[in-house]
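S.K.: Show me the folded form of this:
(4 chains)
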Protein chains: 2
Amino acid sequence: MTSGDSVPRRGRRRRRPSGDDRERAILATAERLLAERAVHDISIDDLAKGAGISRPTFYFYFPSKEAVILTLLDRVAEEVRRRPARAGERVSEDLAEIHTTFRVHAPVMFAVAQIVGESEEAGKLWGEILEEFVAGVTAAIESELERGAALEGIAPRSLAIALVWMLERVLHTSLAGQQPALGLDDALDIVLGVWSRAIYGNDTFGG
Amino acid sequence: MTSGDSVPRRGRRRRRPSGDDRERAILATAERLLAERAVHDISIDDLAKGAGISRPTFYFYFPSKEAVILTLLDRVAEEVRRRPARAGERVSEDLAEIHTTFRVHAPVMFAVAQIVGESEEAGKLWGEILEEFVAGVTAAIESELERGAALEGIAPRSLAIALVWMLERVLHTSLAGQQPALGLDDALDIVLGVWSRAIYGNDTFGG
DNA sequence: TATTTAGTCAACGGCACGTCGATACACATC
DNA sequence: GATGTGTATCGACGTGCCGTTGACTAAATA
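M.R.: Numbering: from 1, shown residues only, chains lettered A, B, ... in the order given. A predicted model of the protein is given here:
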């Protein structure tokens, strides 16, 4: 809409480096504040003040608060994409990986969960991250099917989608304490058990 | 906080009837608007105008927009609670029931999902509704365990929590088109399959 | 030196919010 | 009929945050 730049940019993500420390300061401030309050209790002025700049100057770096969070999420996305593609890996490794991603970036995740309802783009990006996991789990299930270890009857991708969303919700509620929730300590084991049953029909990962 | 009434009220939920048509008009307007736009694109003025009153008058009936949505959700909650408690029912019936609730009240559900991040009380009430379902599924699993049809090894309630949240997310993403999602037509079958495997270890509901 | 370009912010206008105070009306009580 | 009490209504106000404009500085570049 307001685009007349020579350098095409897509909403978030700045054009040139240099005053680049400021940008980092804003992101750092956002991360710090998100660890202590909800998105909606953080104003653009808070982010600006935290980065040592005025509110109008904030807009020089980001078009909105949402854009800041999306940039934070972008980092997570790249971290996820950068992970080695281990073909035929055990599904339990996928699960552990998702779990780790969640715990390490919990504040960002919560923020994203809060703006997903308001922001088209947030939902899209979050979906892309989960898509990575779905792809991994799908591949693992297919490999187990060929081995003859997994149950036939449900399309691997469909199964993977259901399992990944289950994990997402269980971890989210467990970390957020949103009832009904599993305990932080049990959550992973329980989900692992359900995954095993859903893929192999038993609690021993087909073994 | 602002309570000095003889009749104790808890935020939402009006004190006396009479100008009660107005209250209904506000709720009806909210439901209508929620079917066409997101919560954040609906202002209090929109609700007031839709109900044929001014904005200040809106506050005579509800303390906030959130309160309106919570009242809408309250209705759903009562509908869910009013359902007959059929002990030992098949889990597939629980599933079908949750599915129905979702589809019928989809706009309200989406609205709730959007404000859950902002409103403590919304999360609580939504949790209570899911808790109803969790209780039902837990009972069904326990009954199947006694019958010897279900797999041992995962606490029934923990399993129920994981399964209900999975269903919640799958239905939500499927209805909202939030990727990665299952198709609207497949969703129920897939989830049913996963539930069967997670409880019985096979695709035939233990039979 | 002149010109551009990155970076900065005071000040403005706007929108939605929540509140206050005045009012109007019904109905009971004196 | 006067007077009160509680319900219902809204105009008008102050506030907070938002996003933009326009003018400014400082540094790079011609």
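
S.K.: Going by C-alpha atoms from here, please, whenever you check contacts or count neighbours.
M.R.: Fine.

S.K.: how about the helix or strand hosting A:Asp189, does it reach chain B?
M.R.: Assigned by DSSP states H and E, A:Asp189 belongs to helix A:187-200. Yes: interface with chain B: helix A:187-200 contributes A:190-191, A:193-195, A:197-200 (Cα under 8 Å from any Cα of the partner chain).

S.K.: Pull out the buried residues from these.
M.R.: Among the residues of helix A:187-200 next to chain B, those classed as buried by 16 or more other Cα atoms under 10 Å in any protein chain shown are A:190-191, A:193-195, A:197-200.

S.K.: got the contact list for A:Ile161?
M.R.: A:134, B:180-182 (Cα atoms under 8 Å, 6 or more residues apart in numbering or on different chains).

S.K.: hmm, back to that, now the helix holding A:Asp189: mean pLDDT?
M.R.: Helix A:187-200 shows a mean pLDDT of 98.

S.K.: List of residues touching that helix?
M.R.: By Cα under 8 Å, 6+ apart, the residues outside helix A:187-200 that reach it are A:92, A:95, A:99, A:141, A:149-151, A:159, A:163, A:167, A:170-171, A:174, A:202-206, B:154, B:158-159, B:162, B:194-195, B:197-199, B:201.

S.K.: Sort out for me which of those residues are in strands.
M.R.: Taking DSSP state E, every one of these sits outside strands.

S.K.: among the residues you listed, which are within reach of DNA strand C?
M.R.: Counting by Cα under 7 Å from any atom of the strand, the subset of these that neighbours DNA strand C is empty.

S.K.: For PyMOL, write the select line for the buried members of these.
M.R.: PyMOL command restricting the contacts of helix A:187-200 to the buried ones, with burial defined by 16+ other Cα under 10 Å:
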select buried, (chain A and resi 92+95+99+141+149+150+151+159+163+167+170+171+174+202+203+205) or (chain B and resi 154+158+159+162+194+195+197+198+199+201)
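
S.K.: Looking at the buried ones among the residues of helix A:187-200 next to chain B, which one is closest to B:Phe110?
M.R.: A:Val191 (25.7 Å; Cα to Cα).

S.K.: near DNA strand D at all, the longest helix seen in chain A?
M.R.: Ranked by number of residues, the top helix in chain A under DSSP state H is helix A:120-147. No: using Cα under 7 Å from any atom of the strand, helix A:120-147 stays clear of DNA strand D, with a minimum separation of 14.5 Å.

S.K.: So which bits of that helix are buried?
M.R.: Buried residues in helix A:120-147, defined by neighbour count with 16+ other Cα under 10 Å: A:122-123, A:125-127, A:129-131, A:133-134, A:136-145.

S.K.: Which pair of the residues of helix A:187-200 next to chain B spans the longest distance?
M.R.: The widest separation within the residues of helix A:187-200 next to chain B (Cα to Cα) is 15.2 Å, between A:Ile190 and A:Tyr200.

S.K.: Quick check: closest non-adjacent residue to A:Arg169.
M.R.: B:Trp165 (6.2 Å; Cα to Cα, 6 or more residues apart in numbering or on different chains).

S.K.: which residues does the one you found contact?
M.R.: Here B:Trp165 is in contact with A:166, A:169-170 (criterion: Cα under 8 Å, 6+ apart).

S.K.: do A:Asp45 as well
M.R.: Contacts of A:Asp45 (Cα under 8 Å, 6+ apart): A:54-55.

S.K.: please redo it, this time with the cut-off set to 10 Å
M.R.: By Cα atoms under 10 Å, 6 or more residues apart in numbering or on different chains, A:Asp45 lies in contact with A:51, A:53-56, A:58, A:65.

S.K.: Can you give me the distance of it to B:Arg83?
M.R.: From A:Asp45 across to B:Arg83, the span is 49 Å (Cα to Cα, to the nearest Å).

S.K.: And for the residue of chain A found nearest DNA strand D, nearest residue in space, chain neighbours not counted?
M.R.: Residue nearest to DNA strand D within chain A: A:Ser43 (3.6 Å; Cα to the nearest atom of the strand). The shortest distance from A:Ser43 to any non-neighbouring residue, by Cα to Cα, 6+ apart, is to A:Lys65 (7.9 Å).

S.K.: how many neighbours does that neighbour have?
M.R.: For A:Lys65, the neighbour count with other Cα atoms under 10 Å in any protein chain shown is 19.
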